[in-house]
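> sequence isn't available, so here's the structure alone:
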């Protein structure tokens, strides 16, 4: 039997012996629960494994809020460090993943707030993201004209996404990552699931409306 | 372009805006930072230190059983410099009330604490009260200045209405 499984079994036994009907890690998968228990006991390597497991989703979550790779990486690291410090506070009311993503989201928003304050004082407005999704579009169509139209449309869509209100934009981008369910997004943002769905729909409609009105249209 | 096509483009662009991978060394970086203290940690340590110093200062001041100067700022200009020219600081026998500093604590000025010393010693140590600067002195208002003079206007004379006009 591998070490994580032994740890999980021991954790189960200890929990039963303590009379607690529900172990902290019962909501997690066995392997994850074992890592979590070990990390809570101070095992850094176990926490390192948790970092490896969740770094991608945490990074993409931060990227949805921040739009730049450097900021997202910093926020990712900060989120994991905070999670390590607060691991003893994790009660298991939600999954570890949701708990961790909530921390990551808050850290990303903190960073965005600070960056906005600093940036507003020093620089003019810049696009929401420095990663140009248009340049990364696959060259699927062979027809150069069609390709150009597609690129132009993607550029306009990106522009309109950047002009959405933060609430709509954040929800749309989080949903677009493909990493989160609506329930998980609702947990991270602290809003009902229905609100998440409404925001995604409203974001789409807003973008669609702006695109149809033409490129010269400006919202106030 | 149809609505579904546009939705597909929106999804595609939004997905690409959040696409990416964290640096490969995130794990090692995080593990290196696990022992970092929060930035505000050192500030928390200052709070009990400041409280302890304040308590010690109060105890020390009370134990000496006489007014104690607990803070002075030698860089501050003497108060005589703040007085208007030609006006000397009045040395008053009426000292300010003991235990009540004319300026808030921490202002850099010396201030007194304690009330147990004999009044004569306190009077010697007391900072003379400041004379009111001339610019601040209120001049009493003369009642004549407030009097409203009656307007010199000719009384209105209204001519009587003609009978023809009044009958119209």
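Here it is on my side, so go on. Keep in mind that this is a model prediction, so the values were computed, not measured.
> what's the offset of the one helix or strand residue A:175 maps to from the middle of its chain?
Using DSSP states H and E, residue A:175 sits within helix A:166-176. Offset of helix A:166-176 from its chain centre (C-alpha atoms, centre = their mean, to the nearest Å): 10 Å.
> touching chain B at all, it?
Yes - contact between helix A:166-176 and chain B, assessed by C-beta under 8 Å from any C-beta of the partner chain, occurs at A:172-176. C-beta: built from backbone N, CA, C; applies to glycine.
> next one: stretch A:53-72
Yes - using C-beta under 8 Å from any C-beta, stretch A:53-72 reaches chain B at A:55-56, A:58-60, A:63-64, A:67, A:69, A:72.
> list the contacts of the helix holding residue A:175.
A:61, A:64-65, A:128, A:161-162, A:164, A:180, A:182, A:185, A:188-189, A:196, A:199-200, A:202-204, A:206, B:10-11, B:14-15, B:17-18 (C-beta atoms under 8 Å, 6 or more residues apart in numbering or on different chains).
> which of these count as buried?
Those of the contacts of helix A:166-176 that meet the buried threshold are A:61, A:64-65, A:128, A:161, A:164, A:180, A:182, A:185, A:188-189, A:196, A:199-200, A:202-204, A:206, B:10-11, B:14-15, B:17-18, by 16 or more other C-beta atoms under 10 Å in any protein chain shown.
> among the residues you listed, which are in helices?
Per DSSP state H, helices hold the following members of the buried ones among the contacts of helix A:166-176: A:61, A:64-65, A:161, A:182, A:185, A:188-189, A:196, A:199-200, A:202-204, A:206, B:10-11, B:14-15, B:17.
> can you count the residues close to the closest residue to residue A:49 other than its chain neighbours?
If the residues on either side of it in the chain are set aside, residue A:49 comes closest to residue A:35, at 5.3 Å by C-beta to C-beta, 6 or more residues apart in numbering or on different chains. Neighbours of residue A:35 under the rule other C-beta atoms under 10 Å in any protein chain shown: 26.
> any regions of chain A where pLDDT drops low?
The model of chain A has pLDDT under 70 over residues A:1-28, A:117-143, A:215-220.
> how about the helices in it?
In chain A, the segments counted as helices under DSSP H are A:3-17, A:30-40, A:44-66, A:69-85, A:96-122, A:144-163, A:166-176, A:182-189, A:193-213.
> relative to residue B:155, which of those is closest?
If you check each of those against residue B:155 by C-beta to C-beta, helix A:96-122 wins as the nearest, at 68.9 Å.
> off-centre distance for that closest one?
Relative to its chain's centre, helix A:96-122 lies at 11 Å (C-alpha atoms, centre = their mean).
> same deal with stretch A:58-65?
Distance, stretch centre to chain centre, for stretch A:58-65: 4 Å (C-alpha atoms, centre = their mean).
> ditto for stretch A:43-51
That offset, for stretch A:43-51, works out to 20 Å (C-alpha atoms, centre = their mean).
> so how far is chain B from residue A:90?
To chain B, residue A:90 is 16 Å away according to C-beta to the nearest C-beta, to the nearest Å.
> surely that residue meets residue A:99?
Yes - using C-beta atoms under 8 Å, residue A:90 is in contact with residue A:99, at 5.6 Å.
> residues in contact with the residue minimising distance to the centre of chain A?
Taking C-alpha atoms, centre = their mean, the centroid of chain A lies closest to residue A:61, which sits 1.8 Å from it. By C-beta under 8 Å, 6+ apart, the residues touching residue A:61 are A:101, A:104-105, A:108, A:174, A:177, A:179-180, A:188.
> let me see the mean pLDDT of the longest helix along chain B.
If each helix of chain B is counted by residues according to DSSP H, the longest one is helix B:41-64. Mean pLDDT, helix B:41-64: 83.
> give the buried residues for that helix.
Buried residues in helix B:41-64, defined by neighbour count with 16+ other C-beta under 10 Å: residue B:61.
> check stretch A:39-51 too.
In terms of neighbour count (16+ other C-beta under 10 Å), stretch A:39-51 has its buried residues at A:39-40, A:46-51.
> quick one, grab the pLDDT at residue B:73.
Note for residue B:73: predicted pLDDT of 49.
> next one: residue B:26
As predicted, residue B:26 sits at a pLDDT of 89.
> likewise for the one 3 residues further on?
In this model, residue B:29 is scored at 91, pLDDT.
> repeat that for residue B:15.
pLDDT for residue B:15: 90.
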